[in-house]
Structure formats: C-alpha cells, structure tokens
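>>> Following is a predicted model, sequence given first.
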Amino acid sequence: MTRGLDPIRTAVVHPVDTPSLLGAVEAARAKLITAVLVGPEHKIRAAAAQAGLDLAPFEIIPTEHSSTSGRHGPRRQGRSADEGALHTDELMRAVVDNSFGLRTARRRSLC
C-alpha cells in the first residue's frame, strides 16, 4: 500500500535493544521511514554490533537516557515518532506536551 509514497522521517526513540533497532532498520530498508535514531549512542551502537547491523546510513541524535530520548525525539525530528525500548508513557508525555508543538486538532494514536 505504500509503494510510490516517500518514506516518512521518523524519530525512532531509544532503540537500544536488538528488536527495536532491527525494526527501525528493516522499516528504513523497506523505504517506509527515514529513521533517525534518538538515544544513548553507545547503547544504540552496542545493539547494532550485537545484531550485526551497519548504522552508517542512519543519523543518530545522542541523548543521555530514555526520558531525554522521549522528550527530544519527536520534538526535533518532526511529527512522526516510533517507540523503541522505553516505556510508552515516556514517549507519549512528549507527544501530548503542548510546548513541543506536536499537538494538532487531529487525533493521535499509538499503534
């Protein structure tokens, strides 16, 4: 269904474990998203090494820990965010915060 559509620039927030990082990489390879990895860089790189993934094609925005990842990911990267290895409340707190400018009249969903 997405063939012919441009990938969506997506902040992948706190992808510090193999499943969340692999999901982001596979979505980017399928041209569904342009993944921007947001989180502690050393943990992201460790997960990549464990999974044998090359992160050269990806932008990484380093943060200190999951709560800063949740705050900086959506705000800095646009209107799309994907949850990595952090609690949903840490990501959604940033999404619904009016000061980040992400709220619109449209309904938000975490799918």
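Alright, I've got the coordinates.

>>> Check the gap between residue 34 and residue 40 for me.
21 Å (Cβ to Cβ, to the nearest Å). Just so you know, the C-beta spots here come from the backbone N, C-alpha and C atoms, and that holds for glycine as well.

>>> same check, this time on residue 25
Where residue 40 is concerned, residue 25 sits at a distance of 17 Å (Cβ to Cβ).

>>> ditto for residue 61
Applying Cβ to Cβ to residue 61 and residue 40 gives a distance of 11 Å.

>>> One more: residue 28?
Distance, residue 28 to residue 40, by Cβ to Cβ: 20 Å.

>>> what's the answer for residue 62, then?
Residue 62 is 7 Å from residue 40, by Cβ to Cβ.

>>> Look at those two and report which has more neighbours.
Remark: of residue 62 and residue 40, residue 40 carries more neighbours, 18 against 15, as counted by other Cβ atoms under 10 Å.

>>> contacting residues for residue 54?
residue 48 (Cβ atoms under 8 Å, 6 or more residues apart in numbering).

>>> Kindly confirm my reading that it is in a helix.
No: under DSSP: H, G, I helix; E, B strand; the rest coil, residue 54 sits outside any helix and is assigned coil.

>>> In terms of helices and strands, where is residue 47?
helix 41-51 (DSSP states H and E).

>>> pretty sure residue 10 contacts residue 37?
No: Residue 10 lies out of contact with residue 37 (Cβ atoms under 8 Å); the separation is 10.0 Å.
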